[in-house]
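Peer 1: Okay, structure incoming, though there's no sequence with it:
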């Protein structure tokens, strides 16, 4: 019996030895078994020699892509808080309700001239903005100033997409093309709604766009069915384009007259846009109604000093049918002035079709919708107001 126990113990001892030898073979240990050894090695190093933990890369700010009015796709921050305005884009930003976002504008806007209602209405805000371009016909963009301001986006009013791309490369900023060429242009509506989408002011922007579309439709509906034979002939004089002009400066395709389907005598010329005509041509036309820009009356009166008898012989002058058309073409088109001009011209040319229109109330509706304030008194105070005009006074 004792021998059996001894033999059993010997067998067990041999089996245990074999098991230990198998555990030291070449098979890799599970990862969880290697961890304690690594921990011990790390613990032996002084604290200063511990390898620094790698910092997680900063998360990129979220972006989105918008398509501008020229079909350019522009990547912008998902949330836009600041913007700069070039080429009078500030006007469109004001219409879209985004003036508080503007941190940079042209030097022309910074002056707050009353001939540019959007700038005058927000003159305190613009005075605090940085100058990012000169503005005007000889405009020069200030790329370094844009980089320093570092707005979230740049709105660029122009049709030169090459210049937009060049500016985007120079500054590294998203440049969005907008365009406001006329108040009855689809580009204007597209620009206003696009700016509203970018700046988060879509409710305001859409309301303005709807109002503009409504005024354009109303002006056309009131006049589209008036027979040509019942329409008086009209001469728009002293019109401004690339500066002021006197009595003989007129305009082919004058927008306020187009909007009310009026007979603009200048449209018979083989020309486009602004053009100087001879006094002989105006005498031949002998218009029923004359509209003049009150801002250019100094030039008109100089013409009157030289050709007073000819001007006095015109039917419209003899019958006292000379009226104001406020200049709207000042650093691109001031849409609110052009629309107000259309309504004023409508009340003069077609009194029956506009009999229910209180012009002063309609004009202030337009100004408040587009620039947020009454403006007729500002025009009057600066000698730009609506009303009859006496030449030579």
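Peer 2: Yes, it's here. These figures come from a predicted structure and were not determined experimentally. Numbering: from 1, shown residues only.
Peer 1: Residue 267: neighbour count?
Peer 2: Other residues near residue 267 come to 16 when the count uses other CB atoms under 10 Å. (Each C-beta comes from the backbone N, C-alpha and C, glycine too.)
Peer 1: Distance of the residue nearest to it when sequence neighbours are not counted relative to residue 325?
Peer 2: Residue nearest to residue 267 in three dimensions, not counting chain neighbours: residue 252, with 5.7 Å by CB to CB, 6 or more residues apart in numbering. From residue 252 over to residue 325 the distance is 15 Å, taken as CB to CB, to the nearest Å.
Peer 1: so residue 155, which of the three states?
Peer 2: The three-state label given to residue 155 by DSSP: H, G, I helix; E, B strand; the rest coil is strand.
Peer 1: got the contact list for residue 209?
Peer 2: Residue 209 makes contact with 189, 192, 193 under the criterion CB atoms under 8 Å, 6 or more residues apart in numbering.
Peer 1: what's the distance between it and residue 181?
Peer 2: Look at residue 209 and residue 181: by CB to CB, they are 15 Å apart.
Peer 1: ditto for residue 69
Peer 2: 10 Å.
Peer 1: Overlap in contacts, these two.
Peer 2: Here residue 69 and residue 181 share the contacting residues residue 187, scored by CB under 8 Å, 6+ apart.
Peer 1: So which of the two has more stuff around it?
Peer 2: Per other CB under 10 Å, whichever of residue 69 and residue 181 has more neighbours is residue 69, with 20 against 15.
Peer 1: Can you check the pLDDT for that one?
Peer 2: As predicted, residue 69 sits at a pLDDT of 97.
Peer 1: Please apply the same query to residue 242.
Peer 2: According to the prediction, residue 242 has pLDDT 86.
Peer 1: Next: the one 3 residues further on.
Peer 2: In this model, residue 245 is scored at 96, pLDDT.
Peer 1: Is it in a helix, a strand, or coil?
Peer 2: Quick answer, by three-state DSSP: residue 245 is coil.
Peer 1: name the element the residue most central in space within the chain belongs to?
Peer 2: By CA atoms, centre = their mean, the mean C-alpha position of the chain lies nearest to residue 92, the distance being 3.2 Å. Element membership for residue 92 (DSSP states H and E) is helix 89-95.
Peer 1: what's that helix in contact with?
Peer 2: The contact list for helix 89-95, computed with CB under 8 Å, 6+ apart, reads 83, 85, 99, 101-102, 105-106, 109, 116, 118-119, 121-122, 126, 155-157, 178, 180, 188, 191-192, 195, 199, 205, 208, 332, 334-335, 370-371.
Peer 1: quick check: mean pLDDT across the next helix or strand along the chain from that helix?
Peer 2: Sequence order places strand 102-106 as the next helix or strand after helix 89-95, per DSSP H and E. Average pLDDT, strand 102-106: 97.
Peer 1: so where's the stretch 151-300 of the chain uncertain?
Peer 2: The model of the stretch 151-300 of the chain has no residue with pLDDT under 70.
Peer 1: Strands of that one, start to end?
Peer 2: With DSSP state E, counting those that start in this stretch, the ranges of strands along the stretch 151-300 of the chain come out as 153-157, 175-178, 233-237, 249-252, 263-264, 273-276, 289-292.
Peer 1: Nearest to residue 74, out of these?
Peer 2: With CB to CB, the closest approach to residue 74 among the strands of the stretch 151-300 of the chain belongs to strand 175-178: 5.3 Å.
Peer 1: what pairs with that closest one, and is each one parallel or antiparallel?
Peer 2: In the sheet, strand 175-178 lines up against strand 153-157 (parallel) (DSSP bridges).
Peer 1: that older thread, who wins for neighbours among the contacts of residue 209?
Peer 2: residue 192 (30 neighbours).
Peer 1: what's the distance between the closest residue in space to residue 350 that isn't next to it in sequence and residue 93?
Peer 2: In space, residue 350 comes closest to residue 223 once its chain neighbours are excluded; the distance is 6.0 Å by CB to CB, 6+ apart. According to CB to CB, residue 223 and residue 93 sit 32 Å apart.
Peer 1: same deal with residue 305?
Peer 2: According to CB to CB, residue 305 stands 43 Å off from residue 93.
Peer 1: Who has more neighbours out of these two?
Peer 2: The neighbour comparison of residue 305 against residue 93 (other CB under 10 Å) goes to residue 93, with 31 against 9.
Peer 1: Check the more buried one and give its pLDDT.
Peer 2: 98.
Peer 1: Low-confidence ranges, the stretch 1-150 of the chain, go.
Peer 2: 1-59.
Peer 1: From the recorded domain assignment, give the ranges for the protein.
Peer 2: Domain ranges of the chain: 63-212, 224-381, per automatic domain parsing.
Peer 1: Turn these into JSON lines, including distance to residue 392.
Peer 2: Listed next are these as JSON lines, based on distance: least, CB to CB, whole Å:
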{"stretch": "domain 63-212", "distance to residue 392": "24"}
{"stretch": "domain 224-381", "distance to residue 392": "4"}
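Peer 1: Residue 245: what's it in contact with?
Peer 2: Contacts of residue 245 (CB under 8 Å, 6+ apart): 238, 239, 274, 276, 296, 299.
Peer 1: and those residues, which are buried?
Peer 2: Among the contacts of residue 245, those classed as buried by 16 or more other CB atoms under 10 Å are 238, 239, 274, 296, 299.
Peer 1: Which parts of the stretch 201-350 of the chain are helices?
Peer 2: 202-223, 255-259, 279-285, 297-312, 315-318, 335-349 (DSSP state H, counting those that start in this stretch).
Peer 1: Now render those helices as CSV, adding distance to residue 140.
Peer 2: Shown next, in CSV, are the helices of the stretch 201-350 of the chain (distance: least, CB to CB, whole Å):
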stretch, distance to residue 140
helix 202-223, 29
helix 255-259, 28
helix 279-285, 38
helix 297-312, 28
helix 315-318, 43
helix 335-349, 25
